[in-house]
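Q: predicted model and sequence follow; I will ask about them next.
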Amino acid sequence: MARLNITLPDELAATLQGLAEDKVIRSVSGFLQDAAQLKLAYLRDAATVDELFGPASPDEQALVDRLIEADTRPDRNVA
């Protein structure tokens with residue numbers, strides 16, 4: 001298994017470390033590994049949708065961007 005050094009904002013790193021200490025997530029490394037796998041699956045799926053239906057219109061992309069923004073707000077409940 002490869003080891004990488006990454007940089008995270010202090011608040012995000014502290015949140016992840018706290019979740020690991022509280023046993024909400026198995027580990028920071030495991031959480032980031034899962035997140036990377038989910039993002040890669042999303043990118044593959046998005047590419048497939050674009051192949052089948054063409055790229056999103058500006059209105060469709062704006063909707064997707066709003067949904068992603070709402071889903072990544074820091075005030076969301078983590079657990």
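A: Cool, the structure landed. Numbers count the residues shown, from 1 in each chain.

Q: excluding its backbone neighbours, what's nearest residue 13?
A: Closest residue in space to residue 13, ignoring its immediate chain neighbours: residue 28 at 7.8 Å, by CB to CB, 6 or more residues apart in numbering. No exception for glycine: its C-beta is placed from N, CA and C like everyone else's.

Q: neighbours of the one you found, how many?
A: 18 (other CB atoms under 10 Å).

Q: can you check residue 25 too?
A: Around residue 25 there are 19 residues (other CB under 10 Å).

Q: how near is it to residue 16?
A: Between residue 25 and residue 16 the distance is 7 Å, computed by CB to CB, to the nearest Å.

Q: the residue nearest to residue 13 contacts residue 18, doesn't it?
A: No - assessed by CB atoms under 8 Å, residue 28 is found out of contact with residue 18, at 9.9 Å.

Q: distance of residue 34 relative to residue 22?
A: With CB to CB as the criterion, residue 34 and residue 22 are 17 Å apart.

Q: for the two, indicate the residue with more neighbours.
A: Higher neighbour count among residue 34 and residue 22: residue 34, with 12 against 9, using other CB under 10 Å.

Q: what about that one, which helix or strand?
A: helix 28-53 (DSSP states H and E).

Q: what does the helix or strand just after that helix contact?
A: Proceeding C-terminally, helix 28-53 gives way to helix 58-71 as the next helix or strand, assigned by DSSP H and E. Helix 58-71 has contacts (CB atoms under 8 Å, 6 or more residues apart in numbering) with residue 56.

Q: and helix 58-71, what's its mean pLDDT?
A: The predicted model assigns helix 58-71 a mean pLDDT of 90.
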